[in-house]
Structure formats: structure tokens, C-alpha cells
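Peer 1: With the input below, show me the fold.
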Amino acid sequence: MIKEGKLGKIIFNNSDNGYTVAILTTDEGSIRVAGVFNEPKTGSSYRLEGRFTVHKRYGEQFSFISYEEIQPEGIDAIREFLAAGNIRGIGPKMADTLIDTFGDEALAVIENSPEKLLSLRGIGPSRLANITESFAESRDFAKISLVLRELGIEMADAVRIYKMYGGESERVVKDNPYALVDDLYGMTFSKADKLAEKLGFDSESEFRIESGIKFILKKEASSGSTLMPENMLVESVVELIDASSERVREVVKQMAFAGELQMDMVDDIQVVYLYGYYYAEQRVAYNLKRIKEAEPKAVPATIDNLISDAEKDLADEYGRNIKLSNEQRYAVKASLMGSTTIITGGPGTGKTTIINVLVRIFHRLDMTIALSAPTGRAAKRMQEASGEPAMTIHRLLEYVYSVDEDEMRFGRTDERPLEQEVFIIDEASMIDIMLMDGLLNAIKSGSIVIFTGDADQLPPVGAGNVLRDMIASEYIYTVCLKEIFRQAQDSRIATNAHLINNGEFPETGGHDSDFFIIERYNEDDIIEEIKGLVGGRLERFYDFIKSADDIQVLTPTKRGILGSPSLNSILQEIINPAAEGEEELKMGPQTFRKGDKVMQLKNDYQAERRDTTNLEIGQGIFNGDLGKVDSINLQERSMLVSSDDNLITYEGEMFDEVDLAYAITVHKSQGSEFPAVIIPMWHIPPMLMTRNLLYTAITRGKKLVIIVGDPKYLHWMISNNRADSRFTGLKHKLVDLDAFDKQGVWGK
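Peer 2: Sure, this is the predicted structure:
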């Protein structure tokens, strides 16, 4: 169906992907239209191709899949088009001047004889360049989008291609359609492959094989691996593109020679890296060696005396006796005697007390300290436990947007290193290879670096297995805490976490226990039980639960009726149902209401944070940050979220970064703790049915953990000790460093 008309009010426009909602005035009246424009222009005439659809909230609208800008005809139409500000450098007054001078030839003059505009008062060379460039962009996109559409490229992708390549779009697409996979986020290999087939590319084209190799390596990186064995890589690429293995191996070597890939030997196996991951592993190994071998500031007192003084300081602060165990004292001494130390242990083994003692000791030594963690929630917990300021690693490194390079960059590097003398990094199991590279690169030689965390938890979301690799290499001195303290022994959460970690079934107790298994044998019964628990039963029974905000449902998966999206819809209706007179904001499949619990899904370093007086207090919101919807503005299609005394306004594309958080995945819960945790236990994909995922979920609960479901799946998870299978090379590089340190010869 075709609709022609003049574009009126633009209700919404996403400048990144071109998605637009606007009003189109046609001969039959005004209609609401939704689709993708390159640059929508109020007052311009368009021919749209699409169909009428019914939006759940806004009713009927015309959803278009392609459009064509109609050149205005007649003096009045041309004047209106020019006066609307659709061409940079031309406003209402200049529009009148152009029409008075050139009449209905005004647009033809701008396009074909722009030098004539110099005769008009107010137009000089600079303004003329602005006008012609703006007009040319509009004409260029019209021509290029037509070519791209003929090649089967959707309008949304055509807009993104034009925004990336401008007037070179057609040439880039026809020369090498696989370049789109590298340059455009979300452009899949299969889309580029179909386009290449239309353009007549050979199935064993070098461009195609190169793109297939990078696609497989990036896919593996998204699953956590920094490298792939060459044989596995070749097999995967052959399966993807049906090329000969000899040809794929040949292209791998060519790409390595060109510096796009790096080949290496790990445990006598030939492996292949995307070069960035190889460089990051190399630099992490180098910086660990540099920091480890440098002499830290000398401790001007006996360590035992320093520990005793710190114990007294903590006892005065907490009003109770604080006495380190022998194991804890050993960890503190190790941290004070070396430049790099790892302290790892499960719940209840005293890591927090060790951090607090170390902080007091370093203060007594008049040494500057940085406390940091990978996520905002983890940093907040660290700050609350220690009483010292703590921040995310990204914020510590002053991660900022570089206008010159059009990318995010660390403000702190080896050229502008961090100034602190001591760095205590908590939840180190969550640090991926790229973040560790940035962190170590910014730490000066002579600093003390202490990593704390639980190596048995899930590995980081990003590529790498840094903490485990460091421990397994034995290059960094590591203290593994085993003793569970008496207070933790009284908690079945802590004791059951250790039982599960040892492959044993958890124990449940009576009514005063903090760990329960409620047996339910189908999904509907599991959901009904969870609804009852969050709907008031737990609040009535436990005085530490003040509201449903204190209860967190942790699910292993996003899929199915017990996945996080489904559970969020169900739980929202129990905890925060629709209320008469209260506004709701529908964004895609999500409905947001005032009072909803929400979570930030990825790091956004440019988002503005304000305090309760609306004063800007900084930038950046981070993956895993939890908040509550404070208010909704339907007219502006935005919502205000309060998070840790910060106010963040979500609008436009920012809604892609936020989700309801009544239920979240176990992976998203890393670094967080909650008063009460509920875990649905049912059939999930085998790759998620692992012991360390269950262990991570249980250790998120501070005061109460309830598992609801079929115990046989609990048995299966405990029995499956298959850790997240990742290919990484950091351990190998650190082992080589250790061999070099001991014998003076790399790897000998």
C-alpha cells in the first residue's frame, strides 16, 4: 500500500537507527506513521510504502518499510519546504529571498547552479558550502537508498549504511559487502552473505572467507573465549561457508601476516586469536610481571603489630571483639609482603574482614588506597562493608567518550597512571581480559595490588577467565580461604554453598532456617508458589523483608515460562499491578509503571546522573545497576529512575538498556547480594545446568534462600561440575613468565 503526504509533527526519532514516529497529512486526513527515515523533515512530502497495523497502546498506524521523498512543486510548496529548515543555512527569511529571486527554479538552482546563490545578500562561501552539502546529502541518500533497496537491503539497514559511509555507500557495498559485518553493529554474516550472492561474489572469495573467520572468532569471544584451536576454527568456518579447509587455512595465514589475527602455540596446540585479544593477554602478563617485580613501599613496622592495631580499630568501630584467624592473618601478611596477591574463598570465609583490616593498616602506613569492583552493586557493597569510598573499575579508570576518536577510552593509562599506592579489587572473578588489561596498564610500578573474590563463581560475561587463569598459573601468590567462621556456620546458606561446591546435596532445616527447598513438579505450580512468596507470604513471616524490593527472583535462563522476561511480566502484576489514574509507558514488549523495579543492562558512560534537586552530579550508569521508576512522562515518552540517590532520565534508545528486574538471570546477579533470593528449579538448557551457576545463585542470598521446583534438577546441577568451557591463553603466558623468572629462558 502507498500513502503520500506531508510530514507534520515528529513524535519520536532515534538518530542512531532512524526509527521515527510522526504524523503524515494526506488528502484523506492525518495519519500516524512509523518506520525508518534517514533524516525526517517536517514540511517535506513523502511517498511511503507499507501497511496499516494496530499498536496495542496507540491504535492504528501506518507502518512503512520504504519511502521516497517527493520533490515539492509550485512556488508555495517550495517556499514552505525551504522555510521549514530542511536545508542547513536556509531559514524562513532566506527562503523568501530565494523564491523572490529564482521563483519555482529555486531548488534547481541549489542543485545545478549553486554559485548563483553568492549574488544574494547574506550568502558567502561558507554558508553556500553548508547549503549545497546539506542539499546534496538529501539527494545522495535518495539515490543510494534506491540502489540499496534494489539489492534487497531493508530501509533500516540502508539508513545505517548511509550514516556510516555517506556518498561512498554504494561503492563499499558493491566492492565488499562483508565490510558491513565489521563496521555496522547488528549486521549479521548471513545478511552480508545473501547480499554478496546477489552481487555475484564467488563462494570462495577471500572477502567471504575472511568474514567467516572473523565471524566465528567473534562468536567464540561472545561465549568467553579469547582464542580458538586452529583445527576447530577451520572446521567451524568450513561448516559455515562450505569452503575447502585448505583454502580457509591459507586465508587464516594471510590474515595473520596482515596483523588481523595472531597465531600462537598453547599447550602444544596451534591456536588463533583476533589480534586485540592476543595483545590484551600479552599486556596483562607483561603488566603483572612489571608490578610483581617492582619494590612496593617498605612497611616500617612489624606486621603482627600492624594487624593487632587494625583489629583494635575495627573493634572500636563495631563495638565487638575482632580477632583474625590464622588463615586470615596469613592472607593479610601475604598482601603486605608482596606487590601482587590473590585472596579467594567462598561465603563465610572472612574476605570482607581481611579487606577491612588491610584498609586500616594502609591508613596507618599513610598509603593512598583505591577500592574498586567490576560492577556498581559490588562497589557499593564494598563501600558499605569497609566504610571507605569504592567505585567501579570503569569509573576508577575515568572511562570517557573521545570525540576525536569517536569511541570510549580510558582516561587513565600508562601515560597518565592512577595515583594511588594500593589497589584492592573485589569480585575479581567478574573481570574480563579487556578490563584487566585497562586496569593493570594504568597502575604504576611500585604499587600494591590485591585481588579478592570467589574463583568458584561464574566467569565474567566478557571474554577471558582472568582470575582462574592467574590462580592456575601459580604466578601470582594466592591464598585460598577454607575455614568457615562460626557466624557463617550458623547459616545454612553458607554451609550449603560449600556443600554444593563439593558436589553434595544441600541440607534444609526447620522454620528458623535460612535455606528451604519447596518441591513443585510442574511449571504452573512453581509459578504459583513464587507468586505467593513475593505476594506477601515472606513479608508476613520475616521481619527483615520490608517489601517485595527485598526479594529477588534469580532464574538461570531468559527463555521459557520460567525465564526472566516471562517471570517479570507475571511478577509485575503481583507486585505493581496497573492502577486507575497511574500512567504506563509501553516500550516494545515492556510496560513500565511508577514504582517498578528495573535494572540497567549495559554500561552507558554518557548517561547523565542528577541528584534529588535535579543538579547534574556526573555521568555513567552501569550494567547491573538496580533502580526504581520514580515517574513517567507519556508526552515525552520518558521515565525517571532513582538508583542509589541518583536520578536518571530514560528516553529514546536508552530504553534498549533497561529492563524490569523482579526476576533477573543468575549471570546478571553477579556482584550483588539480596536479603532474600528465590530460585526456580526446572528443566533448562544443559549448558546452564551447572554446579557453579547454582553456587553463584545461592551465594547471592544474605538472609534467605528458597529453591522452588523439582529436586531432580537440583541433583543434576550439583552433579554437573563442568565449568564454563573457555579457550584462553593467559595461564599459558603466565606459566611461561614463571619459567623465565626461574630459569631465565622463556618456556624452557
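
Peer 1: Please make it C-alpha for all contacts and neighbour counts, starting now.
Peer 2: Noted.

Peer 1: shaky segments in the stretch 551-700 of the chain?
Peer 2: 605-606, 612-619 (pLDDT under 70).

Peer 1: Tell me where it has helices.
Peer 2: Using DSSP state H, counting those that start in this stretch, the helices of the stretch 551-700 of the chain run over 564-575, 691-698.

Peer 1: Tell me how far the last one lies from the chain's centre.
Peer 2: By that I understand helix 691-698. Taking CA atoms, centre = their mean, to the nearest Å, one finds the center of helix 691-698 at 22 Å from the center of the full chain.

Peer 1: Other residues contacting the one helix or strand I110 maps to?
Peer 2: Using DSSP states H and E, I110 sits in helix 106-112. The contact list for helix 106-112, computed with CA atoms under 8 Å, 6 or more residues apart in numbering, reads I78, L98, I99, F102, K116, L117, I131, T132, F135, A136.

Peer 1: Not counting sequence-adjacent ones, nearest residue to the fourth one?
Peer 2: Computed as CA to CA, 6 or more residues apart in numbering, the closest residue to F102 that is not its neighbour in sequence is V109, at 7.7 Å.

Peer 1: Going by neighbour count, which residues of the helix holding I110 are buried?
Peer 2: A106, L107, I110 (16 or more other CA atoms under 10 Å).

Peer 1: repeat for stretch 95-108
Peer 2: Neighbour-count burial for stretch 95-108 [16+ other CA under 10 Å]: A95, D96, T97, L98, I99, G103, D104, A106, L107.

Peer 1: picking up where we left off before, pLDDT and distance to K594 added to the buried residues of helix 106-112, as CSV?
Peer 2: CSV is the format used below for the buried residues of helix 106-112 (pLDDT from 0 to 100; distance: CA to CA, whole Å):
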residue, pLDDT, distance to K594
A106, 85, 52
L107, 82, 50
I110, 83, 51
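
Peer 1: Tell me the confidence at M436?
Peer 2: The score at M436 is 96. That number is its pLDDT.

Peer 1: what helices or strands is the helix or strand where E137 lies leaning on?
Peer 2: Applying DSSP H and E as the criterion places E137 in helix 125-150. If contacts are counted by 3 or more CA pairs under 8 Å, 6 or more residues apart in numbering; DSSP states H and E, helix 125-150 sits against helix 106-112, helix 155-165, helix 169-175.

Peer 1: Report the helix or strand with the lowest average pLDDT across the protein.
Peer 2: helix 486-489 (a mean of 57; mean pLDDT, DSSP states H and E).

Peer 1: Toward the C-terminus, what is the element adjacent to that one?
Peer 2: helix 492-501.

Peer 1: Run the angle between that following helix and helix 691-698 for me.
Peer 2: 180 degrees (axes from the mean of the first three to the mean of the last three CA atoms, to 10 degrees).

Peer 1: Given the helix or strand just after helix 492-501, what are its sheet partners and their directions?
Peer 2: Downstream of helix 492-501, the first helix or strand assigned by DSSP H and E is strand 515-519. Neighbouring strands of strand 515-519 in its sheet, by DSSP bridges, are strand 701-709 (parallel).

Peer 1: Tell me the buried residues in the helix or strand following the strand it pairs with?
Peer 2: Downstream of strand 701-709, the next assigned helix or strand under DSSP H and E is helix 711-719. Judged by neighbour count using 16+ other CA under 10 Å, the buried positions of helix 711-719 are P711, L714, H715, M717, I718, S719.

Peer 1: Please state the offset of helix 711-719 from the chain centre?
Peer 2: 30 Å.
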